[in-house]
Structure formats: C-alpha cells, structure tokens
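Colleague: What follows is a predicted protein model with its sequence.
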Amino acid sequence: MIVIPMAGLSRRFTEAGYKLPKYMLPVGENTVFSLAVSSFKNYFATEKFVFIARNVAETKNFIVSECHRIGVKNYEIIILDTPTRGQAETVQLGVTRSEYSLETPLTIFNIDTFRKNFSFPSASWFSYSDGYLEVFKGEGKNWSYVAPSKNQTEPLVIRTTEKDPISDLCCDGLYYFSRTSDFLWSLEKEKQEPSMPELYIAPLYNHLIKKGSSIHYNLVNKNDIVFCGIPKEYDDVLNNISF
C-alpha cells in the first residue's frame with residue numbers, strides 16, 4: 001500500500017497568506033495533490049492508496065474528486081480530528097484504521113513532493129530487503145540522512161538521522177517497509193526511546209537495523225525530484241511548470 005500523510009498544518013503557507021491547504025493549491029491545470037500522487041501513476045491500477053488528512057476545507061470531497069480525475073483506482077481516506085505528533089504518528093493512525101493487512105508492504109511519500117518517473121527498485125536486493133529509503137546527493141540541515149555501509153556489493157544503511165548531516169545522502173521523503181507491522185513496531189520503539197521531539201519516519205529504521213533487519217537506500221537523480229513544501233518552492237514550481 002502507498003500511504004500519503006497530509007495532516008500537517010501547512011503553517012508556513014498560512015503565515016504567507018494562503019487560505020487553502022497547500023495540497024489544494026493549483027499548479028497550472030493540476031494541483032499540488034495531483035502532481036504528488038501522480039508520482040505513482042505507474043501503480044494506479046495495482047497498488048492500494050491510503051490518504052490521511054485532517055477534516056478541513058472539504059478535504060475528503062477534494063481527494064475523491066482528484067483521485068477520480070487522475071485515475072487512482074483503489075484508495076481509502078482516513079480523516080483525523082486532531083493534529084498529530086509528527087508524520088510517523090499520522091501514518092500510524094492511518095494504517096491502523098485502514099482495512100489493509102499489517103503484513104502488506106508499506107510505501108510512505110510526502111504530499112508536497114513530485115517524483116518524476118518513479119518505479120520501485122529493480123535491483124536484486126529489493127526482493128529481500130526489509131525496507132529502503134530513497135535518497136539523492138545533497139547537503140543542508142533540513143533533510144533526513146542515511147549513513148551507508150562500506151559494503152560495496154549492495155546499498156545497505158547502517159544508520160539514519162534527522163536534520164543531522166552524516167553523509168551526502170539526503171532522503172527525498174519516500175520510505176518503504178516490506179511489512180507495515182515493522183513500521184508499527186519501530187514506531188513503538190521510537191516512542192520508548194525518542195531521538196527527536198517530533199515523531200519522524202527516518203529514525204525508525206535505526207530500531208530495525210539494531211535488531212538485524214536489512215535496510216537499504218536507493219540513490220536517484222535530484223533532477224527527478226521537485227520539492228513544493230514551502231512557499232518559495234511553490235513559487236519556483238509555478239515559474240517552471242513542465243508537468
């Protein structure tokens with residue numbers, strides 16, 4: 001299942017004067033929502049989608065309309081009444097209320113990022129991996145990071161951090177767990193031993209690595225990623241519409 005958490009408060013957009021949630025904002029003939037979800041257009045007919053949102057601005061009707069317009073076939077909408085302690089808790093509340101099995105593979109992706117030409121890894125390691133993080137080469141303190149293993153035969157992760165540059169491998173917001181139950185288990189561990197005040201997803205992998213799970217990273221070209229999480233990035237997208 002592909003889970004899209006969209007229960008954030010979009011505070012920077014509100015402070016900049018925007019009246020709609022950022023995922024409803026127009027981008028040419030599209031919306032931020034439709035461009036983010038269309039990252040997975042190759043899987044519209046085969047994957048199950050779960051959208052987790054707050055009950056604001058007729059969001060449920062908006063999601064239904066957009067899914068119909070872009071062709072998402074199988075989806076579920078989970079509406080939350082209150083803010084959460086972070087993206088990881090948002091996903092937890094959604095998947096535990098979802099109708100889908102907890103042994104289903106779980107892909108998590110941001111609602112404010114557009115991923116061009118996405119497909120799941122074709123490398124052999126993907127068939128036995130317990131999870132992976134998609135990364136690009138970058139820098140800065142606003143990203144999640146992975147520390148790669150020195151093992152050159154496959155892209156194994158030995159540690160993840162949040163807003164702590166331990167390498168040049170920045171997470172683009174796409175996270176994969178081979179079993180949803182592993183995500184839930186690692187989140188409970190993170191709650192017991194929190195690494196950050198907010199519940200982020202990247203640090204959860206450390207608990208799986210500690211117990212011996214095989215966690216990988218998948219390096220992609222930064223040119224295949226478009227970020228739209230803050231007003232300046234949204235303005236940049238509007239000035240360079242090519243979708």
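Modeller: That came in fine, so what should we check first? Residues are numbered from 1 along each chain as shown.

Colleague: Now the helix or strand containing residue 235: average pLDDT?
Modeller: Here residue 235 sits within helix 231-239, counting by DSSP states H and E. The average of the pLDDT scores along helix 231-239 is 93.

Colleague: again with stretch 190-198
Modeller: For stretch 190-198, mean pLDDT rounds to 91.

Colleague: Over to stretch 127-137?
Modeller: pLDDT averaged over stretch 127-137 gives 98.

Colleague: mind listing what's buried in that stretch?
Modeller: Buried residues in stretch 127-137, counted by 16 or more other C-beta atoms under 10 Å: 129, 130, 131, 132, 133, 134, 135, 136. Yep, even glycine has a C-beta here, placed from its N, CA and C like the rest.

Colleague: From those, which land in strands?
Modeller: If you go by DSSP state E, those have 131, 132, 133, 134, 135, 136 in strands.

Colleague: Considering these, which is situated nearest to residue 186?
Modeller: Each of those was scored against residue 186 by C-beta to C-beta, and residue 131 proved nearest at 9.0 Å.

Colleague: Test my guess that the closest one contacts residue 217.
Modeller: No: counting by C-beta atoms under 8 Å, residue 131 does not reach residue 217; the two are 10.1 Å apart.

Colleague: Tell me the helix or strand right after the lengthiest strand in the chain.
Modeller: Longest strand in the chain by number of residues, with DSSP E as the criterion: strand 169-177. The helix or strand immediately downstream of strand 169-177 is helix 180-192, counting by DSSP H and E.

Colleague: What is that following helix packed up against?
Modeller: helix 87-97, helix 204-210 (3 or more C-beta pairs under 8 Å, 6 or more residues apart in numbering; DSSP states H and E).

Colleague: And the last one, what does it pack against?
Modeller: Translated: helix 204-210. strand 131-137, strand 157-162, helix 180-192, strand 215-219.

Colleague: got the contact list for the strand or helix carrying residue 61?
Modeller: Per DSSP H and E: residue 61 is located in helix 59-70. By C-beta atoms under 8 Å, 6 or more residues apart in numbering, the surrounding residues in contact with helix 59-70 are 6, 21, 24, 31, 33-34, 37-38, 41, 44, 49, 51, 53, 75, 77, 79.

Colleague: Check whether residue 143 really touches residue 165, as I assumed.
Modeller: Yes: Residue 143 lies in contact with residue 165 (C-beta under 8 Å); the separation is 7.5 Å.

Colleague: which of these two has more neighbours?
Modeller: Between residue 143 and residue 165, residue 143 has the larger neighbour count (other C-beta atoms under 10 Å), namely 20 against 15.

Colleague: Provide a list of residues in contact with the more buried one.
Modeller: 163, 165, 170, 171 are the contacts of residue 143 under C-beta under 8 Å, 6+ apart.

Colleague: So which of the residues you listed is the closest to residue 196?
Modeller: Looking across the contacts of residue 143 and measuring by C-beta to C-beta, the closest to residue 196 is residue 163, at 8.0 Å.
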